[in-house]
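In: coords below, sequence missing:
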């Protein structure tokens, strides 16, 4: 057993997947199944709430089986994000949410000033926000103090696929945190996810790396395995690094 | 199904593990089981052939269940390696072998001149050598032309745990090879193994990364998952890399 | 001519050096001379103002020849930093200052919330603050909007010598900035400084990399050359990267 | 004074530049002057020896002022390279030469088997070969034992501009060598050259990084500075690396 808990909810899978960029909902659902994820994150602003004849994500991914984590993608101010999540709560009752307040469209970096403000308001209103943030150990601590239930630093810009750019900051955030830390954004392939877990993160969230792979379902399976691999590697305590070679064992008793 | 074949032998697992540095044979066997490996490599020179009362590896790892791959660890000349493998064949009938001819004790880098010479002789004698080598695309091609049944470039010095140092050379070797390519040496943790597979290698061989982890059995499991993860990621065709961010999907139809 | 200008002050050297960790003021002065720097940064809180018989930095480094840039090292709140710089202005008239508000002693990462607050107050009081910050493109923009005259993102933790950890963020900050960007903290050796300049930074600030080298004066010279090298490389427009080899020229007209 | 000596010839500059890919000989000469190099390498097979009316490199770069180092670019066998250098010696008397025997056009990786053979023959004939090779510590030692007067491992494929891919191997080669070691091939920008020198190399050879920069003359100057910077950094003994931050000095005697 190696479960983790966020805001009282316990999960076995340490992978959270998204619901954007897929060809259709069926492919999204198939990738989710292959990923083993128990949580999907959904952009509240992208949910179809106007056309009753259009397909619904919930027809393909059952909210009874999979935890929906509403997110505030596309929100550029605290007010905007707060309003969006209030709507989500009214519509679906969600309290466990993913907050992201973006600073600009070019980098999709979070605006930490607005993010912190929104965190404080949401917590006061009873939300349990998992918070997308820069890889800044001090900001991470401030979010935690403001009531964030999970810290979600980026590994690289959203949708860039560049991999974990700064292992030092992720390590420092993990060392300093008392709530779960999940790398959010930047993963491009399986080894990136393993690296995040080897640094001691509690989980990884990704969307583009799966959705834009040529074979999303197979990549989802790769990510499931990579997250588990990285987690076990972290727990097993890796060997030290040596500057020189070291033979596999002394060659006593030669033929 | 995603098996691979070397010299007519087909395997499902793409991980090969070693038999050095473990606390005892029982721990070695437990790590092998967790790794899912179907091949173990055994240093011929380290095999106990003199003391009938000492424990035997084969009492713990059944040669009927697991393919033993005799290796020439500790051999510093072609002659030495050839003689060692002839003894192995006489003793156990092995033809599929792992050749390594080392250049010096400090780096445990292969001596490619001697390695190539030994490959030619062994092939002429009917051996099927899988060959440890530097990460040199031309030398890899020459080994293949000399009859090597697999090319096994190092990722970093043996036992160093430094990870794949040069992704360019491993990629070039994979692109040029018509026989299986397996990274041999240098893996330190799970993501290193995933990286090797993402570069298109057919497999990975490791010993120290598992044997020297604080929990070797759990690390063996991590490596099993990492090799599978990297393989699936390679086959699924990873997303491209972007210099800037890319939102998970256009925010059409906003609330 | 390749000068740069900050808050109306023009400099030819793009290297700023510190005044901590040296054996004595004489070594500090010698390193400064070798570095070619025109600015030294001085921790206001470390300046000797109480013992008239103790040696004074200004006896070794002439404030008429070298621009003193007072900094707020050791300040952990906006108020503390503001008070420190007011004292500095009273004592020496400085308006061009370096602001750093640290978040904790372990990482010496800046507290961006306090840093932004201090920037606003200092600018309102007529200071020209060059501001130490995380490598966050949005926070950098906010500092600029608050009146920071230069943005000084860290490359790695202060005194760590780990080199530029995240080239993506430094590049994004440079692309977005209308004021000078200088990497502050993290440089360990000459190539690190060159990397910072190749990313388009206007300058580099360092202390430990020089002061803790075995030969600080020679390392100061190395850093001078590296900053110039990186600057010229940036301006000259580097070659593209190729996945494969490219011969130096077609071999027409062979012998 | 920090000169270096190869086969009895002493040089102050540690940068060797090429003579391919330039717009014209005038630009080549200007880049050479900016680089401060005392040696240029010239592909014997590309030298114009048939058209007396065409411009001659020696009209632009005076062989009395600059050491011409004939190289065997374009040779794919030992015989070919040997023949080429014999012609060069007959034509110009050169004994100090650069040997490269390529394995294939795609990677331009050296064929070490042929390279070693050619080295032996050339040394027996009185040549002083500086030898392009893979970054293999054992092969480097064998070249030295065969009489190579300098070891020139690649940092990345020729003309790729990818930078030093494997710092471990370059370091191991430097530690093991009794003749000069120069990185040859792979440098893309100034920091790459600095890295090579920081690893303890005696020099760097490059062509494309200068010739294909948008401003080759300025890049030549950048490379001159980078090589000097890296050399001084190596000699001055860099600071150690720390996992955590370290303040610039204790804040005793606070205001």
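Out: That came in fine, so what should we check first? In this text, all values refer to a predicted model and were calculated from it rather than measured experimentally.
In: what about residue A:139, which helix or strand?
Out: Residue A:139 is part of helix A:137-146, with elements assigned from DSSP states H and E.
In: Show me what that helix is in contact with.
Out: If you take C-beta atoms under 8 Å, 6 or more residues apart in numbering or on different chains as the criterion, helix A:137-146 is touched by A:112, A:115-116, A:119-120, A:123, A:131, A:133, A:151, A:153, A:169, A:172-173, A:176-179, A:181, C:103-104, C:107, C:109-113, C:134. Any C-beta I mention is one placed from the backbone N, CA and C, and that applies to glycine too.
In: can you rerun that using 6 Å?
Out: Contacting residues not belonging to helix A:137-146 are listed as A:112, A:119-120, A:131, A:133, A:151, A:172-173, A:176, A:179, C:103, C:107, C:109, C:111 [C-beta atoms under 6 Å, 6 or more residues apart in numbering or on different chains].
In: hey, where'd the strands end up in the stretch 51-200 of chain A?
Out: Taking DSSP state E, counting those that start in this stretch to define them, one finds strands in the stretch 51-200 of chain A at A:67-71, A:96-99, A:128-133, A:150-153, A:182-184.
In: Switch those over to a markdown table; also include mean pLDDT, distance to residue C:145 and mean neighbour count.
Out: Shown next, in a markdown table, are the strands of the stretch 51-200 of chain A (pLDDT from 0 to 100; distance: least, C-beta to C-beta, whole Å; neighbours: other C-beta atoms under 10 Å in any protein chain shown):
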| stretch | mean pLDDT | distance to residue C:145 | mean neighbour count |
| --- | --- | --- | --- |
| strand A:67-71 | 95 | 27 | 22 |
| strand A:96-99 | 97 | 23 | 24 |
| strand A:128-133 | 98 | 20 | 27 |
| strand A:150-153 | 98 | 24 | 28 |
| strand A:182-184 | 97 | 26 | 28 |
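In: can you list the ones you listed in CSV and add distance to chain C?
Out: Shown next, in CSV, are the strands of the stretch 51-200 of chain A (distance: least, C-beta to the nearest C-beta, whole Å):
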stretch, distance to chain C
strand A:67-71, 18
strand A:96-99, 15
strand A:128-133, 10
strand A:150-153, 11
strand A:182-184, 14
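In: got these as a markdown table, with distance to residue C:84 columns?
Out: Output for the strands of the stretch 51-200 of chain A, formatted as a markdown table (distance: least, C-beta to C-beta, whole Å):
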| stretch | distance to residue C:84 |
| --- | --- |
| strand A:67-71 | 41 |
| strand A:96-99 | 35 |
| strand A:128-133 | 29 |
| strand A:150-153 | 31 |
| strand A:182-184 | 37 |
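In: So which of those is nearest chain D?
Out: Closest to chain D of the strands of the stretch 51-200 of chain A is strand A:150-153 (C-beta to the nearest C-beta; 18.1 Å).
In: among the contacts of helix A:137-146, which one has the lowest pLDDT?
Out: Taken together, the contacts of helix A:137-146 show their lowest pLDDT at residue C:107, with 90.
In: what separates it from chain A, distance-wise?
Out: 5 Å (C-beta to the nearest C-beta, to the nearest Å).
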